[in-house]
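Trainee: Need coordinates for the following:
(one chain, ligands or ions: 1)
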Amino acid sequence: MPTIKKLLIANRGEIALRIMRTAREMGIQTVAIYSEADRTALHVRYADESVCVGTAPSSESYLRADTIIDVCKRLHVDAIHPGYGFLSENANFARAVRDAGLIFVGPSPESIEVMGSKLAAKAAVANYNIPMVPGTPAAITDRTEAKRISATIGYPILIKASAGGGGKGMRVVDNEADFDEQMDRAVSEAISAFGDGSVFIEKYVTSPRHVEIQVLGDQQGNIIHLFERECSIQRRHQKVVEEAPSSILTPEIRDAMGRAAVDVARACGYYGAGTVEFIVNDTLDFYFLEMNTRLQVEHPVTELITGVDLVRQMIYIAEGKPLTIKQEDLTIKGHAMEVRVYAEDPANNFLPDVGTLDTYVRPQGNGVRVDDGFEQGMAIPIYYDPMIAKLITYGDTREEAIQKMIRAIDEYQISGVQTTLPFCRFVMEHDAFRSGHFDTGFVSKYFTPDNLTPPTNTTEDQLAVVLAAWLMNNKPQQNGVSVPINGKGSKWKANRLG
Ligand code: ADP
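Mentor: Down below sits the predicted model:
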């Protein structure tokens, strides 16, 4: 059985650090890769060795599969952990890693391929009696046929990109009159985001909750689940608050969902850590949405309630070791809450906000975990996902985890960029969230910027505004490229996250 002695982390930011920490605990040497924009990043400094793999755009660095594999050969690396986003769900990369005689810390390329397409995934699980949202089993191009099917399913319906991810290429259609317009938008979004315009139709589940199950499978065919994560608080179909366990599941439904998730994993011969996503309606019927074949952003809440280090398990599995955790050994202990701290302005439609972390002081104390990749004084590069940190709290009960979260949010000091922290505080205090009666429509139903406690403008902030206005008028250039300043409407490069 191979032992991993040196691990390259093909990622950046908080997840690169999080993986390296476990590797270090296991006595494994770490190699960081970085782009020129990340030269001084924390993950670069933390690693035992670091290699620059290209310029700032991901396509020129973090996505350069061949360069990354060459680095592994040169530095005698045994294995690659892809983290999330970037190359993590790229079957060709997983295959190239395997062909180069390296270990890919993740599932087989075949599993990634099947689950990478929402339609192929549905087809793969067809024999396992997994509940699925009514819809078309294949991509649909004929509009007349699509409208006929939609009328049979009943509006509202959802048009989804088969290759979808990150909420892109997804359009809700309320009635037939809107069908053509939304179909055009879904197809063009799908083409520009995934280079594949195939779309399919699903019934739009009303009052939907997003509940997902963490699974772990080994290469011997043993598969277990580590309960659920509730991820219904979303903006633009993207998660911002996650927790475990979900406050709506009964032990029976949890058990049924867990078994369904294990079956989904079995359907594609899955090994490694994976997540099976379900949508749950107001009468607690659940339907399979898709499987994410990687470590999720929100994995820490599962780690806290189960006591299992998922990265450690991923490494053991990649080495070919059988799982030592049995389903019956696992219980849920306590409650964990996570908020994603994005450099986005909740008062301005969650638009990404570029800038430097002039102040950056993390909360601390009992039951608080911060997974981040930044320090005070660092700039948040515009090239990547604008997540600054994940703030996670843990308590005996949900109420305790929420109280700790509010305390931690209040302790978190960030200036220089707008963040989603005030929005997350609003969620934590909202009656619907507190009572557990909420769905994925929470933001559109309850949130307006007036709900935010206005930040107190410091003199420094005011100066920054004046400077930004001055820069805006004087159009700074650097190597012929406009220098991004703290302004709205900047283009962030999309990086698919969990
Ligand atoms: P992506 O891969 O783009 O993230 P998903 O299929 O995981 O797409 O869906 C993302 C989110 O969209 C879900 O968490 C849920 O909020 C919403 N959603 C997806 N499918 C449905 C559906 N059939 N009915 C209602 N909401 C849905």
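Trainee: And the closest residue to residue 81 other than its chain neighbours, its phi and psi?
Mentor: Closest residue to residue 81 in three dimensions, ignoring its sequence neighbours and counting by Cβ to Cβ, 6 or more residues apart in numbering: residue 105, at 4.1 Å. C-beta coordinates here come from the backbone N, C-alpha and C atoms, glycine included. Backbone torsions of residue 105, given as degrees, to the nearest 10, read phi -80, psi 80.
Trainee: need the strands for the stretch 1-150 of the chain, in chain order.
Mentor: Listed in chain order, the strands of the stretch 1-150 of the chain (DSSP state E, counting those that start in this stretch) span residues 6-9, 29-35, 49-54, 79-81, 103-104.
Trainee: before we move on, the earlier item: can you tell me which residues contact the residue nearest to residue 81?
Mentor: Each residue near residue 105 by Cβ atoms under 8 Å, 6 or more residues apart in numbering is listed here: 4, 7, 79, 80, 81, 82, 272, 314, 315, 318.
Trainee: repeat that for 10 Å
Mentor: Residue 105 makes contact with 4, 7-10, 19, 23, 79-83, 88, 94, 97, 272-273, 294-295, 311, 314-319 under the criterion Cβ atoms under 10 Å, 6 or more residues apart in numbering.
Trainee: Tell me the residues of the chain that contact the ligand?
Mentor: Within the chain, the positions lying close to the ligand (Cβ under 6 Å from any ligand atom) are 133, 158, 164-167, 170, 202-205, 208, 210, 234, 237, 277, 279, 289-290, 440.
Trainee: give me that answer again for 5 Å
Mentor: Taking Cβ under 5 Å from any ligand atom as the criterion, the chain approaches the ligand at residues 133, 158, 164-165, 167, 202, 204-205, 208, 210, 237, 289, 440.
Trainee: In the sheet, which strands lie alongside the top strand by length along the chain, parallel or antiparallel?
Mentor: Ranked by number of residues, the top strand in the chain under DSSP state E is strand 223-235. Using DSSP bridges, the strands paired with strand 223-235 in its sheet are strand 209-217 (antiparallel), strand 238-244 (antiparallel).
Trainee: any chance of these in TSV, with mean pLDDT too?
Mentor: TSV is the format used below for the strands paired with strand 223-235 (pLDDT from 0 to 100):
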stretch	mean pLDDT
strand 209-217	98
strand 238-244	96
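Trainee: Mind putting those into CSV with mean neighbour count?
Mentor: As requested, the strands paired with strand 223-235 are exported to CSV (neighbours: other Cβ atoms under 10 Å):
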stretch, mean neighbour count
strand 209-217, 25
strand 238-244, 25
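Trainee: Ranking the strands of the stretch 1-150 of the chain by mean neighbour count, which comes first?
Mentor: Between these, the one whose residues have the most neighbours on average, counting mean count of other Cβ atoms under 10 Å, is strand 79-81 (a mean of 28).
Trainee: tell me what that one is packed against?
Mentor: With contacts taken as 3 or more Cβ pairs under 10 Å, 6 or more residues apart in numbering; DSSP states H and E, strand 79-81 sits against strand 6-9, helix 13-25, strand 29-35, helix 65-74, helix 91-99, strand 103-104, helix 310-318.
Trainee: so where does the closest residue to the ligand within the stretch 251-400 of the chain fall, helix or strand?
Mentor: Among the residues of the stretch 251-400 of the chain, residue 289 lies nearest to the ligand; the distance is 4.4 Å by Cβ to the nearest ligand atom. Counting by DSSP states H and E, the secondary-structure element that holds residue 289 is strand 286-292.
Trainee: roughly how far is that strand from the heart of the chain?
Mentor: 15 Å (Cα atoms, centre = their mean, to the nearest Å).
Trainee: got the CA positions of it in CSV?
Mentor: Output of strand 286-292 as CSV, limited to C-alpha atoms (Å, rounded to 0.1, in the frame of the first residue of the first chain):
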residue,chain,number,x,y,z
PHE,A,286,-36.6,14.9,-0.4
TYR,A,287,-35.2,14.7,-3.9
PHE,A,288,-31.7,14.0,-5.3
LEU,A,289,-30.2,17.1,-6.9
GLU,A,290,-26.6,16.2,-7.7
MET,A,291,-23.3,14.9,-6.2
ASN,A,292,-20.3,17.0,-5.6
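Trainee: Please name every helix or strand in contact with it.
Mentor: Contact here means 3+ Cβ pairs under 10 Å, 6+ apart; on that basis strand 286-292 packs against helix 109-116, helix 118-124, strand 199-203, strand 209-217, helix 251-267, strand 272-280.
Trainee: Ends of stretch 113-124, what's the gap?
Mentor: With Cα to Cα, to the nearest Å as the measure, stretch 113-124 spans 11 Å from end to end.
Trainee: State the mean pLDDT of that stretch.
Mentor: In this model, stretch 113-124 carries a mean pLDDT of 92.
Trainee: Could you list the buried residues of it?
Mentor: Residues of stretch 113-124 classed as buried under the neighbour-count rule (16 or more other Cβ atoms under 10 Å) are 113, 114, 115, 116, 117, 118, 119, 121, 122, 124.
Trainee: Could you do stretch 131-142 as well?
Mentor: Along stretch 131-142, these residues count as buried under the neighbour rule (16+ other Cβ under 10 Å): 132, 133, 135, 136, 139, 140.
Trainee: Relative to the ligand, which of the residues you listed is nearest.
Mentor: Taking Cβ to the nearest ligand atom as the measure, the ligand lies nearest residue 133 of the buried residues of stretch 131-142, at 4.5 Å.
Trainee: still on that earlier bit, turn the strands paired with strand 223-235 into CSV, columns for distance to residue 376.
Mentor: Listed next are those as CSV, based on distance: least, Cβ to Cβ, whole Å:
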stretch, distance to residue 376
strand 209-217, 33
strand 238-244, 24
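Trainee: For residue 414, which of those strands is the nearest?
Mentor: Proximity to residue 414, assessed across the strands paired with strand 223-235 by Cβ to Cβ, is greatest for strand 238-244 (15.8 Å).
Trainee: Report the distance from that closest one to the chain centre.
Mentor: Here strand 238-244 shows a centroid-to-chain-centroid distance of 9 Å under the convention Cα atoms, centre = their mean.
Trainee: and what of stretch 181-200?
Mentor: Centroid separation between stretch 181-200 and its chain, computed with Cα atoms, centre = their mean, is 21 Å.
Trainee: returning to what we had before: using TSV, lay out the helices and strands packed on strand 79-81 together with mean pLDDT and distance to residue 194.
Mentor: Converted to TSV, these look like this (pLDDT from 0 to 100; distance: least, Cβ to Cβ, whole Å):
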stretch	mean pLDDT	distance to residue 194
strand 6-9	99	25
helix 13-25	98	22
strand 29-35	98	23
helix 65-74	98	18
helix 91-99	98	14
strand 103-104	98	22
helix 310-318	98	26
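Trainee: Can you say which of these is nearest to residue 257?
Mentor: Each of the helices and strands packed on strand 79-81 was checked against residue 257 via Cβ to Cβ, and the shortest separation belongs to helix 310-318, namely 18.6 Å.
Trainee: Could you check the angle the closest one makes with helix 13-25?
Mentor: With axes from the mean of the first three to the mean of the last three Cα atoms, to 10 degrees applied, the angle from helix 310-318 to helix 13-25 works out at 60 degrees.
Trainee: Strand 238-244 and the following helix or strand past helix 310-318, what's the angle between them?
Mentor: Moving toward the C-terminus from helix 310-318, the first helix or strand encountered (DSSP H and E) is strand 335-342. Going by the same axes, to 10 degrees, strand 335-342 is angled at 160 degrees with respect to strand 238-244.
Trainee: elements contacting strand 335-342?
Mentor: Helices and strands touching strand 335-342, by 3+ Cβ pairs under 10 Å, 6+ apart, are strand 223-235, strand 238-244, helix 299-306, strand 368-372, strand 387-395, helix 398-411, helix 421-429.
Trainee: got the CA coordinates for that strand in PDB?
Mentor: Output for strand 335-342, consisting of C-alpha atoms alone and laid out as PDB, is shown next (Å, rounded to 0.1, in the frame of the first residue of the first chain):
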ATOM      1  CA  HIS A 335     -24.500  21.800  16.700                       C
ATOM      2  CA  ALA A 336     -22.200  23.700  14.300                       C
ATOM      3  CA  MET A 337     -22.900  26.900  12.300                       C
ATOM      4  CA  GLU A 338     -20.800  28.300   9.500                       C
ATOM      5  CA  VAL A 339     -21.000  31.700   7.800                       C
ATOM      6  CA  ARG A 340     -19.000  32.500   4.700                       C
ATOM      7  CA  VAL A 341     -17.400  35.900   5.000                       C
ATOM      8  CA  TYR A 342     -17.300  37.200   1.400                       C
END
